[in-house]
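Chemist: my questions concern the predicted model and sequence given below.
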Amino acid sequence: HPSAQALAAAATADGGRLRFAGARVLGDRVQMQLFRGADGEAYPINALRNAALRAASTSHVLVIDVDFFPSAELHDALVAQSEWLLARPTAAVVVPAFQRKGDYRDFSDEKWKRKLGAADFVPATFAELVDCLAAVTCIVFDATWNRDAHSTTKSDSWVASTSRDLAKQADRAARTVAAAMRAPAGKDAPKDLDGAGPATPFASRRDPRPIPCFDSARYEPYLVLANTPAVRFDARFAGYGKNKIEQITRLRYAGYAFSVLPLGFLVHAPHPWSSSKRRWMKQGRGEHETDALYKNAAADIRRGVDRGDGANRTWLCDS
C-alpha cells in the first residue's frame, strides 16, 4: 500500500545512499524523505511528519509512529470507506489502537528483535486481537499510564460491535454453505439468500461511529484525514511529548467531525526506551518545555472560539 516515510539523518550522512538503501528495503511504493536538522537539536518529529505528508500521493493519510503495526484488514477497511470519506472533507476517522503488554524498556536491541520476530507477538487480524485481549496479553494502547489518551474511542464497544458484525457475516456464510449443499448438482447457492439481498463485504458493513464529544482533552487518537495543509503538525514541537495532541486540539476547534472506524486497528509493540523517553520520565508532569509550548498553543487555538456560534466543534463531554 502507498506510504511516505521521513528519515532524520546526521548532517554528514550520504543522502543518496540512505535513499537507495531505503528503497531496496521498503520497495517502490514508499516515498522516502531525507530531513537534515541542525546538529544537537531535539528530534524534529513534527517536521518529519509534515515532510511525509507533503510527499504522500494519496487523497487521505493515516500518520502513525514506526512502532505501530497496521492490522491485516486495515487497508481494505479504509478503501471500503472511500465514498464516505470523500464526501466528508473534514472527517477525522479514529483507528482503534492497542498494544502488546510487557516491559521491554531495558532490553538490548538484539533481545528485542528476537522478541518482535516471534510469529504471534503482534496480532495481525481481528481474531488474533480478540485472543490477545481475552488473554490479557494485549490492552488498549497506553491504558496503564495514560488512560485518557484513548478512552474516548470506547474500544470495548468497538470490539463488541465488530464481533457482532463478524458473527452476522459468519451466520450468512453458514446458511449459504447449507443452501449450496442442498442445491442440485452443478448449481450454486442463491446470491440473494432468503431475500436478504446480495452479501456486502464485511469491511463495508457499517459507517464509522460518530464521536459526539471527548471524555478528556488528553485524547490523542491516530486519525485518517484528508491530506490538506490544515492537518499539518506544528513543527515547533520536537523531541518527546505533546507533539501530536496539538494537532488533535486544533482539529477539534476547526470543526472536524470525529468518528471510529468499524474494522481495522493498530497495535503498538513496546520496545526499549529511547534516550528522549528516559529524559522525559525523569522530569515531573507539566515540567517539560513542550508542556509550556502546548499550553500556549492550545490557548491560541481556543482564543476567539465561541461555543454559542453554532459551529460544528467537538467539545468535552462534561463541559
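Modeler: Alright, I've got the coordinates. Values in this document were obtained by computation on a predicted structure and should not be read as measured data.
Chemist: tell me which residue is most central in this structure.
Modeler: residue 222 (3.4 Å; C-alpha atoms, centre = their mean).
Chemist: could you give the bridge partners of that one?
Modeler: Note on residue 222: beta-bridge partners by DSSP bridges are residue 95.
Chemist: torsion angles phi and psi at residue 92?
Modeler: phi -130, psi 100 (degrees, to the nearest 10).
Chemist: neighbours of it, how many?
Modeler: Counted with other C-beta atoms under 10 Å, residues neighbouring residue 92 total 23. (C-beta placed from N, C-alpha, C; glycine too.)
Chemist: against residue 261, how distant is residue 75?
Modeler: Using C-beta to C-beta, to the nearest Å, one gets 12 Å for the distance from residue 75 to residue 261.
Chemist: these two: who's more crowded?
Modeler: The neighbour count for residue 75 versus residue 261, taken as other C-beta under 10 Å, is higher for residue 261 (27 against 15).
Chemist: verify the stated contact: that one with residue 76.
Modeler: No - here residue 261 does not reach residue 76: they are 11.5 Å apart, not a contact under C-beta atoms under 8 Å.
Chemist: for the host helix or strand of residue 179, packing partners?
Modeler: Residue 179 is part of helix 155-182 when elements are defined by DSSP states H and E. Contacts defined by 3 or more C-beta pairs under 8 Å, 6 or more residues apart in numbering; DSSP states H and E place helix 155-182 against helix 126-134, strand 209-210.
Chemist: and the angle from the longest one to helix 155-182?
Modeler: In this structure, helix 126-134 runs at an angle of 140 degrees to helix 155-182, with axes from the mean of the first three to the mean of the last three C-alpha atoms, to 10 degrees as the basis.
Chemist: the spatially closest residue to residue 255 that is not a sequence neighbour: what secondary structure?
Modeler: Nearest residue to residue 255, sequence neighbours excluded (C-beta to C-beta, 6 or more residues apart in numbering): residue 312, at 4.8 Å. For residue 312, the secondary-structure state derived from DSSP: H, G, I helix; E, B strand; the rest coil is coil.
Chemist: go on, residue 99?
Modeler: Residue 99 is classified as strand under three-state DSSP.
Chemist: renumber starting at 14 from here on
Modeler: I'll keep to 14 as the first residue from here, and by that count the last item is residue 112.
Chemist: hang on, it packs against residue 280?
Modeler: Yes - the pair residue 112 / residue 280 is scored as a contact, 6.5 Å apart, by C-beta under 8 Å.
Chemist: any shared contact partners between the two?
Modeler: residue 151 (C-beta atoms under 8 Å, 6 or more residues apart in numbering).
Chemist: doesn't residue 277 lie inside a strand?
Modeler: No - read with three-state DSSP, residue 277 is coil and lies in no strand.
Chemist: so who does it touch?
Modeler: Residue 277 neighbours (C-beta under 8 Å, 6+ apart): 83, 84, 86, 87, 88, 89, 90, 91, 108, 216.
Chemist: give me the buried subset of these.
Modeler: Buried residues within the contacts of residue 277, counting neighbours by 16 or more other C-beta atoms under 10 Å: 83, 84, 86, 87, 89, 90, 91, 108, 216.
Chemist: once you drop chain neighbours, what's closest to the fourth one?
Modeler: To tie it back to what came earlier, the one meant is residue 87. residue 277 (3.5 Å).
Chemist: what separation is there between that neighbour and residue 111?
Modeler: Remark: distance between residue 277 and residue 111 (C-beta to C-beta) = 12 Å.
Chemist: equivalent analysis for residue 222, please.
Modeler: From residue 222 to residue 111 the distance is 17 Å (C-beta to C-beta).
Chemist: and residue 91, by the same measure?
Modeler: For residue 91 relative to residue 111 (C-beta to C-beta), the value is 17 Å.
Chemist: re earlier: the contacts of residue 277 in strands, which ones?
Modeler: 83, 108 (DSSP state E).
Chemist: now distance to residue 164 and pLDDT too, for the contacts of residue 277, in JSON lines please.
Modeler: Formatted as JSON lines, those follow (distance: C-beta to C-beta, whole Å; pLDDT from 0 to 100):
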{"residue": "83", "distance to residue 164": "22", "pLDDT": "93"}
{"residue": "84", "distance to residue 164": "21", "pLDDT": "94"}
{"residue": "86", "distance to residue 164": "23", "pLDDT": "90"}
{"residue": "87", "distance to residue 164": "21", "pLDDT": "93"}
{"residue": "88", "distance to residue 164": "26", "pLDDT": "92"}
{"residue": "89", "distance to residue 164": "27", "pLDDT": "90"}
{"residue": "90", "distance to residue 164": "22", "pLDDT": "91"}
{"residue": "91", "distance to residue 164": "23", "pLDDT": "93"}
{"residue": "108", "distance to residue 164": "15", "pLDDT": "97"}
{"residue": "216", "distance to residue 164": "25", "pLDDT": "59"}
